[in-house]
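**Q** I'll drop the sequence and a predicted model, then ask my questions.
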Amino acid sequence: MFDNKSYVIWNNKGGVGKSTIAFHIASVYAELHPEEDVVVIDMCPQANSSAMLMGGGKESEDILQQLISKDEPQSIVGYLTEATLNGDADLVKYITKLSPINKNLPENLYLVSGDGNLELIAPLLSERAEATPLSIKDDPWVKIHTIVKQLTEKRINPERRSVYFIDTNPSFSIYTQIAIVGGKNLLVPINADDSSIFAITGLFNLIWGTSTEHPVYGKYTFASKAKKQGLELPKIAYLLGNRFTQKKGAAHAFKALSNEALNKMYDEFKKNPDKFEDFGVTISDISDFESNYSIELRDFNSAGVVAANQGLPLSKMDRHTYEVYGERIQVAKEQRELCKQTIDDLVGHL
Ligand SMILES: Nc1ncnc2c1ncn2[C@@H]1O[C@H](COP(=O)(O)OP(=O)(O)O)[C@@H](O)[C@H]1O
Ligand SMILES: [Mg+2]
């Protein structure tokens with residue numbers, strides 16, 4: 001039987017398209033793999049991908065509110081709370097099947113909803129992680145940090161593979177650390193600005209540590225604790241060049257920036273290929289690296305943006321105009337097809 005797959009989408013930078021990409025790839029992956037179960041775990045307190053998956057707009061806000069205000073929240077907070085208290089939790093209690101809420105989505109797509117209270121429980125999770133161990137075998141830090149990893153090893157149906165997509169918050173707070181440890185593979189979106197490229201260095205330092213450790217703070221970092229405890233970390237699978245504009249000059253500028261991002265990644269790869277997924281190919285230079293570890297997403301244009309806003313997988317986007325907050329938006333067929341092709345290509349790699 002196939003193992004589960006799990007992808008965590010993270011860059012230590014906001015607004016690079018993490019949630020939009022999570023929405024598109026999860027919905028398209030689920031459509032293309034009806035024999036598998038697909039679960040989005042929304043580990044961002046803003047719950048943007050949850051709202052997209054629930055169809056967007058006021059209705060999705062109301063449903064989200066219902067889920068998170070239950071005594072035992074049907075959300076990531078509910079799961080984390082029970083799993084922290086009992087050492088384990090039943091996945092089925094915390095997932096929401098999406099097709100009854102958003103009829104455009106396939107039957108095999110589920111959500112562990114985002115929840116603003118993640119911010120509230122973060123200090124409690126940190127406190128528990130830092131607790132003094134009670135015995136040689138007790139390791140509270142590892143227990144808390146692997147709590148979502150435990151979840152992504154579960155199956156919705158025992159006889160089918162479950163595939164997880166984890167959306168994240170850019171901050172490296174404890175719940176983001178838990179999200180990162182929860183995925184077997186890391187997808188790193190970047191867009192065309194310097195800060196999302198600087199964030200790549202930050203990403204390596206935060207997850208794997210800096211080459212020289214700070215004499216005081218060094219031992220308190222996630223990276224040094226993870227190393228000390230032998231915690232398994234995700235392998236980087238793809239750098240996703242999320243290009244927001246198709247204009248000629250801008251495209252040229254983007255290429256320069258994305259080359260810089262690629263150089264940084266390739267330097268890391270040369271230092272330690274173990275941080276990257278092994279695709280079973282020999283990488284001898286940067287162009288081998290680029291063709292195996294980097295995927296260029298074009299501007300999703302109005303098609304991708306409107307589709308995510310309405311919780312529509314691109315395959316279901318068959319109209320010419322859509323209404324977004326009272327405005328009629330034109331979405332040309334050509335744009336819909338380009339965007340669909342882009343997402344299908346990316347999903348083909350997963
Ligand atoms: N490829 C893209 N083309 C056009 N707009 C995009 C693209 N990716 C993301 N966006 C837009 O950029 C904004 C930020 O995206 P979002 O997914 O919320 O980022 P993050 O989750 O990283 O903060 C949103 O308004 C989204 O519609
Ligand atoms: Mg987001």
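**A** In hand now; what should we look at? Numbering: from 1, shown residues only. Ligands and ions are numbered 1, 2, ... in the order given.

**Q** average model confidence for stretch 30-45?
**A** Stretch 30-45 comes out with an average pLDDT of 97.

**Q** try stretch 87-105
**A** Stretch 87-105 comes out at a mean pLDDT of 95.

**Q** convert the C-alpha atoms of that stretch to CSV, please.
**A** Extracted C-alpha coordinates of stretch 87-105, given in CSV (Å, rounded to 0.1, in the frame of the first residue of the first chain):
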residue,chain,number,x,y,z
GLY,A,87,-1.0,12.2,23.4
ASP,A,88,-3.3,11.5,20.3
ALA,A,89,-6.5,12.6,18.8
ASP,A,90,-9.0,11.2,16.3
LEU,A,91,-8.5,12.9,12.9
VAL,A,92,-12.2,12.3,11.9
LYS,A,93,-13.4,14.5,14.7
TYR,A,94,-11.5,17.5,13.4
ILE,A,95,-11.8,17.3,9.7
THR,A,96,-14.6,18.9,7.6
LYS,A,97,-15.6,17.3,4.3
LEU,A,98,-15.7,20.2,1.9
SER,A,99,-18.1,19.0,-0.9
PRO,A,100,-21.3,19.6,1.1
ILE,A,101,-20.1,23.1,1.9
ASN,A,102,-18.7,24.0,-1.5
LYS,A,103,-20.3,22.0,-4.3
ASN,A,104,-17.5,22.8,-6.7
LEU,A,105,-15.1,20.6,-4.8
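
**Q** buried stuff in that stretch?
**A** Ala89, Leu91, Tyr94, Ile95, Thr96, Leu98, Ile101, Asn102, Asn104, Leu105 (16 or more other Cβ atoms under 10 Å). (C-beta placed from N, C-alpha, C; glycine too.)

**Q** ok, now which ones touch the residue of the stretch 201-350 of the chain found nearest ligand 2?
**A** At 10.9 Å from ligand 2, Ala308 is the closest residue in the stretch 201-350 of the chain, using Cβ to the ion. Contact partners of Ala308, counting by Cβ atoms under 8 Å, 6 or more residues apart in numbering, are Thr20, Phe23, His24, Met52, Gly56, Phe300.

**Q** could you list which of the residues you listed also contact ligand 1?
**A** Residues of the contacts of Ala308 in contact with ligand 1 (Cβ under 6 Å from any ligand atom): Thr20, Phe300.

**Q** format the contacts of Ala308 as CSV; extra columns: neighbour count, secondary structure and pLDDT.
**A** Shown next, in CSV, are those (neighbours: other Cβ atoms under 10 Å; DSSP: H, G, I helix; E, B strand; the rest coil; pLDDT from 0 to 100):
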residue, neighbour count, secondary structure, pLDDT
Thr20, 24, helix, 92
Phe23, 29, helix, 95
His24, 27, helix, 93
Met52, 27, helix, 95
Gly56, 22, coil, 89
Phe300, 24, coil, 75
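
**Q** farthest-apart pair in the contacts of Ala308, please.
**A** Distances among those were taken as Cβ to Cβ; the most separated pair is Gly56 and Phe300, at 15.1 Å.

**Q** sec struct for the closest residue to Trp208 other than its chain neighbours, please.
**A** Distance criterion Cβ to Cβ, 6 or more residues apart in numbering; nearest residue to Trp208, sequence neighbours excluded, is Ala223 at 5.6 Å. Secondary structure state of Ala223, per DSSP: H, G, I helix; E, B strand; the rest coil, is helix.

**Q** in the stretch 251-350 of the chain, which spans are strands?
**A** Using DSSP state E, counting those that start in this stretch, the strands of the stretch 251-350 of the chain run over 294-297, 321-324, 327-330.

**Q** and the first one, C-alpha only, in CSV?
**A** Output for strand 294-297, consisting of C-alpha atoms alone and laid out as CSV, is shown next (Å, rounded to 0.1, in the frame of the first residue of the first chain):
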residue,chain,number,x,y,z
SER,A,294,12.2,24.8,-9.5
ILE,A,295,8.8,25.3,-11.0
GLU,A,296,7.9,28.6,-12.6
LEU,A,297,4.3,29.5,-12.0
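
**Q** can it be found next to ligand 1?
**A** Yes. Under the criterion of Cβ under 6 Å from any ligand atom, ligand 1 is reached by strand 294-297 at Leu297.

**Q** and the end-to-end length of stretch 317-324?
**A** By Cα to Cα, to the nearest Å, the extent of stretch 317-324 from end to end equals 14 Å.

**Q** and it with ligand 1, contact?
**A** No. Using Cβ under 6 Å from any ligand atom, stretch 317-324 never reaches ligand 1; the gap is at least 10.9 Å.

**Q** just give me how far that stretch sits from the chain centre.
**A** 27 Å (Cα atoms, centre = their mean, to the nearest Å).

**Q** pLDDT averaged over it - what is it?
**A** Across stretch 317-324, the average pLDDT comes to 87.

**Q** residues of that stretch that come out buried?
**A** Judged by neighbour count (16+ other Cβ under 10 Å), stretch 317-324 contains these buried residues: Met317, Tyr322.
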